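Undergrad: attaching a predicted model along with its sequence, questions to come.
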Amino acid sequence: MRTGSLAGNEERGTAREDTSIEVPQGQRLIAPIRAEIFAIVFTTGAVVLLVEILGTRIVGPIFGVDLFVWSALLAVTLGSLASGYYAGGSLVDRRPNPRLLALVVMTAGVLLGILRLISHGVLLFSDGFGPRAGPLLAATVLFAPCLIVLGMVGPIAVRLLAVDLRAAGHGVGAVYAVSTAGSLAGTLVTAFAIIPAFDTDQVVVGAATLLTLTGAASLAWHGRPSGLVAVAVPLLLAWAAPESRLPAGFEKVARSQSLYGLVEVIDDHARNVRFLRSDHSVLGAQFVRDGSPGFAFVYVMEAVRFLRPAARDMLQIGLGIGSLPLALEVRGIKVDVVEIDPAVVRFASRYFGFATKGNVYQEDARTFLRRTDRHYDLIVHDTFTGGTTPEHLLSREVMQRIHDLLRPGGVMVLNFVGYEDGPNAEATWAVARTIRSAFRFVRTFRDSAPDIRPHALENLVFFASDNDLDLTVPRTAVFENATSERIARSLSAWEVLKVIPDGPLVTDGHNPLARLQLPVAEEHFAAMNVLLPVGVWIE
C-alpha cells in the first residue's frame, strides 16, 4: 500500500483516485452501515462452520463419519470458500453497493434451503460411487453452491469498508476478525446447543431462514423492501421436500440425533430382527422372537466365562445393544459399562432389554480408563463402529492400562473387525502385536468356521491374560440357546493368528491404524449395504 505516493500527489494537486463506495445519494459510510456489514460478516462466518459441521450429519448416515467424509467436507469447504473469495472480489469491483452484499447473503440462504429438497436424491445417487468418491460428490453437490456464495461475503465487505485506502488494512483485519469470531461462535453454539436440541432438518431450515432474513432485511433498509418476500423461500422449500420413507418391511421404532451421530432403532419385519443403527453402522442386532443376539461374535465373546469361571465383575467398553452384559449378569457377573453416546445407552435399555446391576459411565473410554482406580476380573473392549475401531483405543498404552486394571489372572476380550491374512491384514497384525506386548497369553478366534468366507472381513475376538487361556467347555455347561452352545463347542476349530509377522506396535506416538483400517472401512461400507437396503441408511 503506497500511502506516501498518494500523499505526494495530493500535495501537488493531482486528482486522487475515488475509493468511496456506491451508497444512496448523498450518504457516506456512516456507523450504522458499518455495524450492518459487521453483523452480516459475523452471521455468515457462523453459518459457514455450521454447514461444515452439519455436513457430517447429512452425509454420515449413508457414508459414516470417517476419514473419507471429513476429508471430503474439508476439501469442499476450502475449495468453495476460495472460489467465493475470488468471485466476490471480482463482482464487488464492478459495483461496490451495500445491496450487493444483501443479495449475496439472501442467495446463500435460498441455496441452503434447497439442500433439504435435494439431499435424499443426491445421497442415493452418490452411494453408487463408494465410500471414497461418494462423500466428495455428495458434499460438492449439496454444500458447494451455498459455501461459494458465503465465501463472497468477505471480499465484498472489505471493499465496502475501504472508503479510505489509508485505513484499508484495518478494514481487512476487522472483517477477518469478525468473520472468525462468528465461525468460533457458530462452532460452539452448533456443537453444544443446536445439535443436541434440534434435528438436522430443523437446523438446516433455521440457518437458511436466518441467512435469507438477514439479506432481505438489509435490502429493505437500503430501499428494496420487496426482498422480504424471499424469507418465505426456505420454509416453502422445506414444506415441498419429500418425506423420507423406509423400504417395505422396515419400521423406524426410535430416532435420536445425538452429539455423536444419528442413532436409530429399526425393525426388519421380514427377518424378525431389530437393529440399533449409528450413522452407517449397525451397533447390534437382536431377534425379536426371543431377544437373542443377531451376531455370532457376541457368543464368541461370551465364552470368556469358561476362561475365568470364578469371575464376579466385568467392565464393558462400548455397549452396543448390551447383549453380552445381559448374558453374563444372569451368571452372577456384575457389569460396569463405559459408553460415549447417551442415546445408545437409552435405546439399549428401552428397546433391547439392557439392564445392569453395575454402573454406566457415559464418557470416552480413554478418559475413563485413565481416571478409574477400580479393578475387574474381566474387561471387554468392543468399540467398533462406522467401519473402524477408534485408533486411540488400540494403542499399547491402552492395552497396558487395561492390563493394570485387571486382577491377577483376569482376562481382556477385544472384538476387532479385520482380515486375518492377506494384503489387508496389517491392521489386524498390528493390533495383535500390540496386545501381545501387554499380555503373556493371547488367543484369537473367528466368529465363523474357517470354510465360511475364508480370507474375508470378519469379527476377530482376542482373549488376553497373564494366565494360560484354557478354553475348555465343560460337558455340563448350561447355554441360553442352541446357537450359543454350538459356537462355544466349535471355537477350538475357529482359532486363527497363531503366528503373526513381525512388525511395529501401535502406540500413542506412532499409530498408523487410521491408514491401515481404510480397506476395512471400504469393505464395511459394502457389507452394511448388503445387511440393510440403501433406503434404510438414507434419511
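TA: It's in.
Undergrad: from here on, contacts and neighbour counts on C-alpha atoms
TA: OK.
Undergrad: walking through the stretch 351-500 of the chain, point out its strands one by one.
TA: All strands of the stretch 351-500 of the chain, identified by DSSP state E, counting those that start in this stretch, fall at 360-361, 376-381, 406-418, 441-446, 458-465, 495-496.
Undergrad: what's the closest of these to residue 64?
TA: strand 406-418 (15.9 Å; CA to CA).
Undergrad: on that earlier part again, save the strands of the stretch 351-500 of the chain as TSV, and put in mean neighbour count too.
TA: Shown next, in TSV, are the strands of the stretch 351-500 of the chain (neighbours: other CA atoms under 10 Å):
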stretch	mean neighbour count
strand 360-361	18
strand 376-381	24
strand 406-418	22
strand 441-446	22
strand 458-465	24
strand 495-496	18
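Undergrad: let's have these in a markdown table, adding distance to residue 538 and mean pLDDT.
TA: Putting the strands of the stretch 351-500 of the chain into a markdown table (distance: least, CA to CA, whole Å; pLDDT from 0 to 100) gives the following:
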| stretch | distance to residue 538 | mean pLDDT |
| --- | --- | --- |
| strand 360-361 | 31 | 97 |
| strand 376-381 | 29 | 98 |
| strand 406-418 | 24 | 97 |
| strand 441-446 | 31 | 97 |
| strand 458-465 | 25 | 97 |
| strand 495-496 | 36 | 96 |
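Undergrad: closest one to residue 527 among those?
TA: Residue 527 lies closest to strand 458-465 among those, at 10.5 Å (CA to CA).
Undergrad: which elements pack onto the closest one?
TA: Helices and strands in packing contact with strand 458-465 are listed as helix 296-302, strand 406-418, strand 441-446; criterion 3 or more CA pairs under 8 Å, 6 or more residues apart in numbering; DSSP states H and E.
Undergrad: out of the ones you listed, nearest to residue 118?
TA: Here strand 406-418 is closest among those (CA to CA), at 34.4 Å.
Undergrad: where are the low-confidence patches of the protein?
TA: Within the chain, the segments meeting pLDDT under 70 span 1-30, 163-168, 539.
Undergrad: now do the domain split for it, please.
TA: Per automatic domain parsing, the domain ranges recorded for the chain read 26-240, 293-537.
Undergrad: can you list the ones you listed in CSV and add distance to residue 267?
TA: Below are the domains of the chain laid out as CSV (distance: least, CA to CA, whole Å):
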stretch, distance to residue 267
domain 26-240, 17
domain 293-537, 11
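Undergrad: could you say which of these is packed most deeply?
TA: Greatest average neighbour count among these goes to domain 26-240 (a mean of 20), per mean count of other CA atoms under 10 Å.
Undergrad: before we move on, the earlier item: switch the helices and strands packed on strand 458-465 over to a markdown table; also include distance to residue 238.
TA: Formatted as a markdown table, the helices and strands packed on strand 458-465 follow (distance: least, CA to CA, whole Å):
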| stretch | distance to residue 238 |
| --- | --- |
| helix 296-302 | 42 |
| strand 406-418 | 40 |
| strand 441-446 | 48 |
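Undergrad: and of the ones you listed, who's closest to residue 203?
TA: Once those are compared by CA to CA, strand 406-418 is nearest, at 34.6 Å.
Undergrad: for the nearest residue to residue 280 once chain neighbours are set aside, what are its contacts?
TA: Spatially, and ignoring its direct neighbours in sequence, residue 280 is nearest to residue 64 (4.5 Å; CA to CA, 6 or more residues apart in numbering). The contact partners of residue 64, taken as CA atoms under 8 Å, 6 or more residues apart in numbering, are 279, 280, 281, 386, 387.
Undergrad: surely the first one is in contact with residue 66?
TA: Just to be clear, that refers to residue 279. No: using CA atoms under 8 Å, residue 279 is not in contact with residue 66; the gap is 10.5 Å.
Undergrad: helices of the stretch 251-400 of the chain, residue ranges please.
TA: For the stretch 251-400 of the chain, applying DSSP state H, counting those that start in this stretch gives helices covering 296-302, 304-307, 323-329, 342-351, 365-371, 396-405.
Undergrad: save those as CSV, and put in distance to residue 85 too.
TA: Formatted as CSV, these follow (distance: least, CA to CA, whole Å):
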stretch, distance to residue 85
helix 296-302, 52
helix 304-307, 59
helix 323-329, 53
helix 342-351, 40
helix 365-371, 41
helix 396-405, 45
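Undergrad: of those, which is nearest residue 422?
TA: For the helices of the stretch 251-400 of the chain, the distance to residue 422 is smallest for helix 296-302, at 21.4 Å, taking CA to CA.
Undergrad: what comes into contact with that closest one?
TA: Residues contacting helix 296-302 (CA under 8 Å, 6+ apart): 323-324, 327-328, 413, 415, 445-448, 459-461, 484, 487-488, 491.
Undergrad: repeat that for stretch 170-182.
TA: Contacts for stretch 170-182 (CA under 8 Å, 6+ apart): 38, 41, 42, 43, 44, 45, 46, 154, 157, 158, 161, 162.
Undergrad: the third one: which element?
TA: For residue 42, the enclosing helix or strand under DSSP states H and E is helix 31-63.
Undergrad: okay, which residue is most central for the protein?
TA: For the chain, the residue nearest the mean C-alpha position is residue 65 (3.6 Å; CA atoms, centre = their mean).
Undergrad: ok, that one - contacts?
TA: If you count contacts by CA under 8 Å, 6+ apart, residue 65 has them with 56, 59, 279, 280, 386.
Undergrad: save the strands of the stretch 351-500 of the chain as CSV, and put in distance to residue 200 too.
TA: Formatted as CSV, the strands of the stretch 351-500 of the chain follow (distance: least, CA to CA, whole Å):
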stretch, distance to residue 200
strand 360-361, 27
strand 376-381, 31
strand 406-418, 30
strand 441-446, 39
strand 458-465, 33
strand 495-496, 44
